[in-house]
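A.B. asks: Show me how the following folds:
(2 chains)
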Amino acid sequence: METSDSEYFESADEELYSDSDDEYVGKGPKKCINIIERKLSNANISEDSIVKDRVCDNFEINSDVDDLKTEIDPKSDDNTLVNKEKNDEVSNIKSDTIKKEKNDNIQVKEHEKFEKTNTESLSQSNQEKVVESNSKDLKDGPIPTALDLEENMWDNEDIDDLISNNDETNRNTKYDNEKQDLKTDEIKNINEVNSNTLINKEPENEQGDSNLIAPQDDPASNSNEENMWEDNEDWNSFSTTKKEPDTIKQPVIDTSDTAKNIGTKNPKDVNTWDGWDNDDWETLEKTETSQKDETKPETSWSGWGNWGVSSILTTATQGVSTLTNQVSQGFTTVLETGIGIPDPKELAKQDRIIEEHINESEGNRGNLGFGFSNFVSGVSHLTKFVENTGTKVITGGLDTLETIGKKTMEVLQEGDPGLKNKRALLKLDKEKPTLSQMLREAKERSETDNQILKEENYKKKINYETLFDDYHGLVHLEALEMLSKQCDIKLQTLSDNCTGKEYQDLQETMDQIKELCELPDEEDEEVLLFSDIKEKIQTAVNDIKVKITYDKLFSTCEESENWLNTLKLDFCDETDIHREALQVLAQITAIAVEQFHKCGELLLIKEQRSTADEADSLVQLTMAVTSLISLVAANFSKKLNAILTQTENKDSISELITNVFFEASNSSSYVQDAFQLLIPVLQVGAI
Amino acid sequence: MSYAYLFKYIIIGDTGVGKSCLLLQFTDKRFQPVHDLTIGVEFGARMITIDSKQIKLQIWDTAGQEAFRSITRSYYRGAAGALLVYDITRRETFNHLTTWLDDARQHSNSNMVIMLIGNKSDLESRREVKKEEGEAFAREHGLVFMETSAKTAANVEEAFINTAKEIYEKIQEGVFDINNEANGIKIGPQHSPTNPSLPGSGSSGGSQGSGCC
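C.D. replies: Below you'll find the predicted structure:
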């Protein structure tokens, strides 16, 4: 996805800049250089006669190009070296001339500087940070090794630039044979200027292209889109590498140049070193003022004449204002189109329109006159160029924004084409139910769910086994079983050890106990009252002579009786009675089993055993408990019967009544089971 | 409440070390400073969740009195986990640990997870058994060790739940045979048990006409 995305942008950018590239890389700078040369020579004319002569020669077109080409064509370093050598070789130049030349150089430097600052400061506004001083500083200081690759690359490009530059110079400049020496110097200077301007310009274009359009072209820069911000560093490195050729050339020129450049550089420029900042737009204004400031001192300089200052000023301001306008335009378009996705095609169109506009105004200016118009067009070229890079930077920034926006949209649209679901979520389409409606539905749904859950819970809750387990009836029964088994094992080992009569006696005793524990058949159907049963249980417990208590059982029964007595049948559901019945039954049974269990444990640790009494008491206890269970079941079924007579739903109620009796008998069997488990305990006590 | 597994725990140790209080804290989250002497065995149960599975802990809180020793021994069988408790303020309860441990090992399955618990950690001023001693004993006998306070509930949950986790891990490793109930593990009912006697369920359908009496 990422690759396709980047490809998309690439292609878009290519579309965007293909035109401008041609214009600016090909035509623009050359023109510019041409103009600068002329302008410089113009300035020189006004200053010094020797220079004047020399410069005048510049305007004569010489066909002696081949000669020069051989000198200049070699690589930049060689070129300068050749120039240097030539300089040295010049024997007929007097020290005066040299001095003058130096002066001249300085003058040229002044212009150069002006030009440089023009481009530089403006390019700074484009976040390029092409600050002379910076480069100078970097020149002195150690250059980051990370930039080496780029440097090399740029060196090559610069060389290429120089070559084309030189060709340019050759074509435009005519050299007198007599003043060959001076000319070489001149060429050198011009080269200087050209290279400076070109270096300052070309890389910008290149940067704009390579960084913004196709970051992949730059081997050092990351081709990853996400690393766009790192491009800042690349930019910085570009600006530093850009200086490389400058620094190479610098020694050839006057050293004072360096000092001057450092001196004149705007300290604000240093601040703009960091990448994307709003400050950059501020520097635009700053550079504008700095431009003016720098231009003013030059007015005192006779060379400039009356025309220079005002025209430069006006063009400079014009250019800047156009740029500002453009920038603000760009912003408004961005704002108008929304923060989301500015159409790249739109931007491209805008770019083209602006260019056309500039070209038109340029054409108009061209009528103003010879040197002046050239100069103006030169400046306007510069500004135009700067504007262009400005827009490129802006569009570059927009590209970044666009990338972010696209990414966001992608993420949002993942598995949700057209954002239909999300839109539906956020916007609440007409067809879709409103939030309140949805909430109402959800409430209804939860209510029905709750109803079902309640019913299920009810069924679960009134499960007798579960209730019995909840009251620890089952686990007590299990423990009692373990206890009983333990006793059985004990008896078994005892009987195994016994022989003959001993064994027979043992068996007899055990059988007797078993007989004692025979529960009588419930023939007498006499209905006992709760108080009678309570009394029976208490007597039985006392007879066992172990510390067990059935108080809990009594309280439970009393509670249930109270519950039944206070029950208002009119307001009572039959299920409530059923549930209560099962609960009470389970609880009573659990308590009974627990007490049987406890009884067994206590009997086992009891010092004095009277097995017969114990057995009888336990039988009585068991009988009492079972009758209590029957009583409780009868009480509950009475209430249910009362409801049965009043309601239509007879079937379900009779079912409930049957269930109550069923669970009651279940309870009784649990109690009887518990009692049976106690027999081995009694037997162990008897032996 | 349906559960995936049921683990049987036993709590053993000298009388008065706080076994019943630990259980009460774990099941009811309350503390009873004066507790009746336990007769034989008492029970407690609580649901916990391990690995998003509902596990019912059925805890058998045995009597610590010497008199019940023979009886409580019979309850060891079929326990998956045991909490062997001593009182950090009473040295003798710590000294008796080996006896309890031998008993537990003898009467239960060998896979039973035993956690050694030094209870009453809130009574720091009356401490007689250093934590390091408990740790050393646990290390020596391959037990998990923890100091708890049934009063402040410190580490009580952890003691029970960590033991359950260990048992659960053993089940996962296949050490415990969950189909053998002697291991103290029961598989919970897959579905809520249907009571055949319940109204609406099939078996009681026949009683409709006959009524109750």
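
A.B. asks: Which one of the residues in chain B is closest to chain A?
C.D. replies: Closest approach between chain B and chain A, counting by C-beta to the nearest C-beta: B:G40, at 3.4 Å. From N, CA and C alone the C-beta is placed, and that goes for glycine too.

A.B. asks: Next, the buried residues of stretch A:532-547.
C.D. replies: Using 16 or more other C-beta atoms under 10 Å in any protein chain shown as the test for burial, stretch A:532-547 gives A:533-534, A:536-538, A:540-541, A:543-546.

A.B. asks: any chance of these in JSON lines, with distance to chain B, pLDDT and secondary structure too?
C.D. replies: Shown next, in JSON lines, are these (distance: C-beta to the nearest C-beta, whole Å; pLDDT from 0 to 100; DSSP: H, G, I helix; E, B strand; the rest coil):
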{"residue": "A:I533", "distance to chain B": "22", "pLDDT": "87", "secondary structure": "helix"}
{"residue": "A:K534", "distance to chain B": "23", "pLDDT": "88", "secondary structure": "helix"}
{"residue": "A:K536", "distance to chain B": "23", "pLDDT": "87", "secondary structure": "helix"}
{"residue": "A:I537", "distance to chain B": "19", "pLDDT": "88", "secondary structure": "helix"}
{"residue": "A:Q538", "distance to chain B": "19", "pLDDT": "88", "secondary structure": "helix"}
{"residue": "A:A540", "distance to chain B": "18", "pLDDT": "88", "secondary structure": "helix"}
{"residue": "A:V541", "distance to chain B": "14", "pLDDT": "86", "secondary structure": "helix"}
{"residue": "A:D543", "distance to chain B": "19", "pLDDT": "84", "secondary structure": "helix"}
{"residue": "A:I544", "distance to chain B": "14", "pLDDT": "82", "secondary structure": "helix"}
{"residue": "A:K545", "distance to chain B": "15", "pLDDT": "82", "secondary structure": "coil"}
{"residue": "A:V546", "distance to chain B": "9", "pLDDT": "83", "secondary structure": "coil"}
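
A.B. asks: Distance of A:F571 relative to chain B?
C.D. replies: The spacing between A:F571 and chain B, counted by C-beta to the nearest C-beta, to the nearest Å, is 21 Å.

A.B. asks: How many residues are close by that residue?
C.D. replies: The local packing of A:F571 (other C-beta atoms under 10 Å in any protein chain shown) involves 7 other residues.

A.B. asks: ok so, going back, tell me the one among the buried residues of stretch A:532-547 nearest to A:M510.
C.D. replies: Nearest to A:M510 out of the buried residues of stretch A:532-547 is A:I544 (C-beta to C-beta; 19.5 Å).

A.B. asks: Does that closest one touch A:S617 like I think?
C.D. replies: Yes. The criterion here is C-beta atoms under 8 Å, and A:I544 meets it with A:S617 at 4.5 Å.

A.B. asks: what's the spacing between A:K547 and B:L37?
C.D. replies: 10 Å (C-beta to C-beta, to the nearest Å).

A.B. asks: Sketch out the low-pLDDT regions of the chain for me.
C.D. replies: Defaulting to chain A. A:1-347, A:358-380, A:382, A:386, A:417-420, A:422-433, A:457-462, A:522-527, A:569 (pLDDT under 70).

A.B. asks: could you do chain B instead?
C.D. replies: B:1, B:190-213.

A.B. asks: residue ranges for the strands of it, please.
C.D. replies: Taking DSSP state E to define them, one finds strands in chain B at B:5-13, B:41-50, B:53-62, B:81-87, B:113-119, B:144-147, B:185-187.

A.B. asks: For whichever residue of chain A sits closest to chain B, list the residues it contacts.
C.D. replies: Nearest residue of chain A to chain B, counting by C-beta to the nearest C-beta: A:E601, 3.4 Å away. Neighbour list for A:E601: A:483, B:39-41, B:68, B:71 [criterion: C-beta atoms under 8 Å, 6 or more residues apart in numbering or on different chains].

A.B. asks: How about it, nearest residue that isn't a chain neighbour?
C.D. replies: Closest residue in space to A:E601, ignoring its immediate chain neighbours: B:G40 at 3.4 Å, by C-beta to C-beta, 6 or more residues apart in numbering or on different chains.

A.B. asks: so what's the one you found up against?
C.D. replies: A:479, A:483, A:597-598, A:601-602, B:62-63, B:68, B:71-72 are the contacts of B:G40 under C-beta under 8 Å, 6+ apart.

A.B. asks: quick check, nearest of those residues to B:A82?
C.D. replies: In terms of C-beta to C-beta, no member of the contacts of B:G40 lies closer to B:A82 than B:T62, at 9.8 Å.

A.B. asks: how near is the residue nearest to that closest one when sequence neighbours are not counted to B:L37?
C.D. replies: In space, and not counting its chain neighbours, B:T62 is closest to B:T72: 4.0 Å by C-beta to C-beta, 6+ apart. The gap separating B:T72 from B:L37 is 13 Å, by C-beta to C-beta.

A.B. asks: The host helix or strand of A:Q486 vs chain B: in contact?
C.D. replies: Using DSSP states H and E, A:Q486 sits in helix A:473-497. Yes. With C-beta under 8 Å from any C-beta of the partner chain as the criterion, chain B is reached by helix A:473-497 at A:475-476, A:479, A:482-483, A:485-486.

A.B. asks: and that helix, which residues are buried?
C.D. replies: Buried, per 16+ other C-beta under 10 Å, within helix A:473-497: A:473-480, A:482-484, A:486-488, A:490-491, A:494.

A.B. asks: what do you get for stretch B:99-112?
C.D. replies: By neighbour count with 16+ other C-beta under 10 Å, stretch B:99-112 contains the buried residues B:100-101, B:103-104, B:107-109, B:111-112.

A.B. asks: go on, stretch A:602-622?
C.D. replies: A:602-606, A:609, A:611, A:614-622.
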